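>>> predicted model and sequence follow; I will ask about them next.
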Amino acid sequence: MEKDILKGFLYNDKLKFNEIERATKMRSNKLAYHLKKLIAKGLVFKEGDNYLLSEKEERIIPYLTERQAVLPVVVISIAKGKKEFFLPLRTKKPYKNLLGLPAGRILVGEKIEDSVERIMEQKFHVSAKLEKINSVSLEHVKRKDNIIHSFLLIFVSASTKDRLDYINIEKNRKRIITSDYWLLKNKNQLNLDTIISEI
């Protein structure tokens, strides 16, 4: 219900109660209840007769769609030689119980190097620094005949002085996420800049 209300702000800066009611086809008491919840969460505020999306929360606009979007993630390679890499065991889907490269989402406002440092520190308590961006790939994760996830993989190399347990990728190939193994075997040199767009 709240998502239906928020969708009204995709194309409108401000909306009156009756405009939201007409667009969502919600009963007025139900709409009033959900608008109060959105105001309490800080997503929406009221100015006179109009409801507006809070400026801070405009970040949600790209996600108010029925279509699932590709998720951009940083995939981090920390190596010891050419065959041994830091490959922690995954504990959540879609790759639960497989060995994989450290990875995580890029947060709004982050540079790639910031993402690498945050992911390694928060998930593994490891201090790491970005060395280079190796490649960018699109991964579609299929189950049977259905694509269930799509990831934009920003594959990077990083270094650390911290002690890590490294795994030989040839001896453990069957236990490693297929796309991670492919990335490690098919590195390409690529330089990307951080672009900041103002609106």
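Arrived safely, thanks for sending.

>>> C-alpha from now on. contacts and neighbour counts both.
Noted.

>>> where in this structure is pLDDT low?
56-67, 188-199 (pLDDT under 70).

>>> and the strands in the protein?
14-16, 44-47, 50-53, 71-77, 79-80, 84-85, 103-105, 128-143, 146-160, 167-168 (DSSP state E).

>>> how near is L184 to I20?
50 Å (CA to CA, to the nearest Å).

>>> quick one: which of the two has more around it?
Neighbour totals were compared for L184 and I20, and I20 leads with 22 against 18 (other CA atoms under 10 Å).

>>> give me whichever of the strands of the chain is most buried.
strand 71-77 (a mean of 22; mean count of other CA atoms under 10 Å).

>>> that one - contacts with which helices or strands?
Packing partners of strand 71-77 (3 or more CA pairs under 8 Å, 6 or more residues apart in numbering; DSSP states H and E): strand 103-105, helix 112-124, strand 146-160.

>>> can you lay out the strands of the chain as CSV showing distance to S115?
Output for the strands of the chain, formatted as CSV (distance: least, CA to CA, whole Å):
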stretch, distance to S115
strand 14-16, 34
strand 44-47, 29
strand 50-53, 28
strand 71-77, 7
strand 79-80, 18
strand 84-85, 19
strand 103-105, 8
strand 128-143, 9
strand 146-160, 11
strand 167-168, 23
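
>>> turn the helices and strands packed on strand 71-77 into a markdown table, columns for distance to S179.
Below are the helices and strands packed on strand 71-77 laid out as a markdown table (distance: least, CA to CA, whole Å):
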| stretch | distance to S179 |
| --- | --- |
| strand 103-105 | 12 |
| helix 112-124 | 19 |
| strand 146-160 | 10 |
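
>>> end to end, how far does stretch 94-103 reach?
Start-to-end, stretch 94-103 (CA to CA) is 13 Å.

>>> how about the contacts made by the most centrally placed residue in the chain?
With distances taken as CA atoms, centre = their mean, R105 lies nearest the centre of the chain, 3.5 Å away. R105 makes contact with L71, P72, V73, V74, S115 under the criterion CA atoms under 8 Å, 6 or more residues apart in numbering.

>>> how about CSV for those, with distance to R90 added?
As requested, those are arranged in CSV below (distance: CA to CA, whole Å):
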residue, distance to R90
L71, 18
P72, 18
V73, 15
V74, 15
S115, 19
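
>>> which of the residues you listed lies closest to V156?
In terms of CA to CA, no member of the contacts of R105 lies closer to V156 than V74, at 7.1 Å.

>>> excluding its backbone neighbours, what's nearest that closest one?
I154 (4.8 Å; CA to CA, 6 or more residues apart in numbering).
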